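*Asks:* Test case, fold it:
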Amino acid sequence: MSEAGGTESVPCPLGCTAGDVLVLTAHDRLHGLAGEWRVVRCAGCGLMRTNPRPRREAIAAYYPRDYQPFLDSRVDSGLGSSVLGPGVEVRRPQDPLPKTQDRRLRYDPLNRAVPDLPPGRLLEIGCGSGSFLHTMACRGWQVCGLEPSADAAAAAREAGYEVIVGQLEDVTDLAGPYDLIAGWMVVEHVHEPVAALARLRRAAAENGWLAISVPDAGSWELAAFGDAWYALQMPTHLFHYTRATLRLVLARAGWRLTRVMWQRDAKNLFHSLCYRCADRGWEAGAAWLADAAVGKRIPRVRAALGQVLGRLRASGRMTAWARAA
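*Replies:* Below is the predicted model of the structure:
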């Protein structure tokens with residue numbers, strides 16, 4: 001049902017009719033844009049969603065040009081510093097990565113881990129400005145990206161990569177089959193996740209793989225921080241998955257969940273604490289925590305805490321592998 005102001009109310013995408021339970025009400029903390037948004041939980045299957053939510057034609061307003069994933073995924077910054085470390089030269093796609101650098105990719109704390117496959121054809125959904133495409137191209141993969149932002153897609157194209165511009169629900173030809181489809185913190189942004197994941201299933205090769213990451217709404221962090229949970233990110237996060245509900249959505253779309261890992265990253269925790277300090281007017285504490293969240297302070301403590309949270313399945317960030325069913 002469409003509503004005023006570019007929003008709409010939608011039912012559970014799994015077809016449940018049991019009704020919804022209000023979880024919380026929140027606002028946009030990432031960019032400070034106006035509006036108040038509700039998260040509801042389906043009383044039937046437990047899947048949480050933002051409802052009402054921005055319509056597809058209105059959602060772009062909540063992704064400004066300085067949206068951090070667009071900046072972090074540029075080939076010169078995403079691969080050169082975020083993944084490989086400062087001072088590492090960005091390599092051309094035809095140049096194989098040295099073993100020491102390839103090892104860093106395999107143990108990337110962001111946990112953009114993929115199944116151990118021989119190089120084949122890769123599609124990355126929500127590829128941003130192209131750093132992961134570059135990473136995989138350097139490892140011998142034939143890569144293609146899909147990105148809704150024309151600006152971010154242009155940056156990836158400037159780096160030499162093929163990118164389809166558009167939303168997953170709108171693209172009619174994904175030019176498969178792909179041996180691996182990846183999407184890092186993307187599926188929670190998709191308006192129609194079952195239909196979108198089913199489309200990816202049709203684009204996958206026989207026995208093809210899907211590797212995705214999403215915030216873990218079953219984490220203690222959501223219960224502890226509520227509307228100040230960093231990974232809530234209203235209203236661009238349209239769905240809020242737990243391990244169980246992610247499995248349900250994947251299965252409905254034709255994927256079999258095979259493995260879930262929790263990312264070794266404390267980013268959620270530091271940012272959430274920063275929000276709580278800001279709410280209480282503790283500006284100095286909020287600024288210190290914001291720096292710690294991005295590694296400008298106590299980087300070793302942050303890294304060690306991330307390892308602990310990941311091992312305890314408590315980081316609030318999941319990486320999942322699924323196979324075409």
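*Asks:* now the helices for this protein?
*Replies:* 68-72, 99-106, 131-138, 150-158, 193-203, 220-225, 243-252, 267-279, 283-293, 299-311 (DSSP state H).
*Asks:* Mean pLDDT and mean neighbour count for these - can I get that in TSV?
*Replies:* For glycine as for every other residue, the C-beta is placed from the backbone atoms N, C-alpha and C. Putting those into TSV (pLDDT from 0 to 100; neighbours: other CB atoms under 10 Å) gives the following:
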stretch	mean pLDDT	mean neighbour count
helix 68-72	50	16
helix 99-106	46	13
helix 131-138	91	26
helix 150-158	90	19
helix 193-203	95	20
helix 220-225	97	18
helix 243-252	98	19
helix 267-279	96	21
helix 283-293	96	16
helix 299-311	94	15
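*Asks:* Arrange those helices in TSV, one row each, with distance to residue 177 as further columns.
*Replies:* Below are these laid out as TSV (distance: least, CB to CB, whole Å):
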stretch	distance to residue 177
helix 68-72	27
helix 99-106	25
helix 131-138	17
helix 150-158	22
helix 193-203	7
helix 220-225	37
helix 243-252	18
helix 267-279	34
helix 283-293	39
helix 299-311	32
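*Asks:* Nearest to residue 22, out of those helices?
*Replies:* Between residue 22 and those, the tightest spacing by CB to CB is seen for helix 220-225, at 14.1 Å.
*Asks:* For the chain, which segments count as strands?
*Replies:* Secondary structure of the chain by DSSP state E: the strands cover 2-3, 7-8, 20-27, 36-42, 48-50, 53-54, 121-125, 142-147, 163-165, 178-184, 204-215, 239-240, 255-262, 317-324.
*Asks:* between those, which gets nearest to residue 230?
*Replies:* With CB to CB, the closest approach to residue 230 among the strands of the chain belongs to strand 204-215: 8.7 Å.
*Asks:* average pLDDT for that closest one?
*Replies:* Throughout strand 204-215, pLDDT has a mean value of 96.
*Asks:* picking that back up, relative to residue 42, which of the helices of the chain is closest?
*Replies:* Between residue 42 and the helices of the chain, the tightest spacing by CB to CB is seen for helix 243-252, at 8.5 Å.
*Asks:* For that closest one, give me every contacting residue.
*Replies:* Under the contact criterion CB atoms under 8 Å, 6 or more residues apart in numbering, helix 243-252 has outside partners 13-14, 45-48, 193-194, 197-198, 210, 214, 216, 218, 239, 241, 256-257, 260, 318, 320, 322, 325.
*Asks:* quick one on the thing from earlier: adding distance to residue 172 and mean neighbour count, write the strands of the chain out as a markdown table.
*Replies:* A markdown table is the format used below for those (distance: least, CB to CB, whole Å; neighbours: other CB atoms under 10 Å):
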| stretch | distance to residue 172 | mean neighbour count |
| --- | --- | --- |
| strand 2-3 | 24 | 10 |
| strand 7-8 | 23 | 16 |
| strand 20-27 | 32 | 15 |
| strand 36-42 | 30 | 20 |
| strand 48-50 | 26 | 23 |
| strand 53-54 | 23 | 23 |
| strand 121-125 | 15 | 25 |
| strand 142-147 | 12 | 23 |
| strand 163-165 | 10 | 20 |
| strand 178-184 | 16 | 24 |
| strand 204-215 | 16 | 21 |
| strand 239-240 | 23 | 25 |
| strand 255-262 | 21 | 17 |
| strand 317-324 | 20 | 22 |
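*Asks:* Minimum distance to residue 288: which of these has it?
*Replies:* The closest of these to residue 288 is strand 317-324. By CB to CB, the value is 22.2 Å.
*Asks:* Mean confidence (pLDDT) on the closest one, please.
*Replies:* Per-residue scores along strand 317-324 average to 96.
*Asks:* can you dump the C-alpha coordinates of it into CSV?
*Replies:* What follows is strand 317-324, C-alpha atoms only, in CSV (Å, rounded to 0.1, in the frame of the first residue of the first chain):
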residue,chain,number,x,y,z
ARG,A,317,27.6,-9.0,11.3
MET,A,318,27.1,-12.3,9.5
THR,A,319,28.7,-13.7,6.3
ALA,A,320,26.7,-16.6,4.8
TRP,A,321,27.4,-19.1,2.0
ALA,A,322,24.5,-20.7,0.1
ARG,A,323,24.4,-23.1,-2.8
ALA,A,324,21.9,-23.3,-5.6
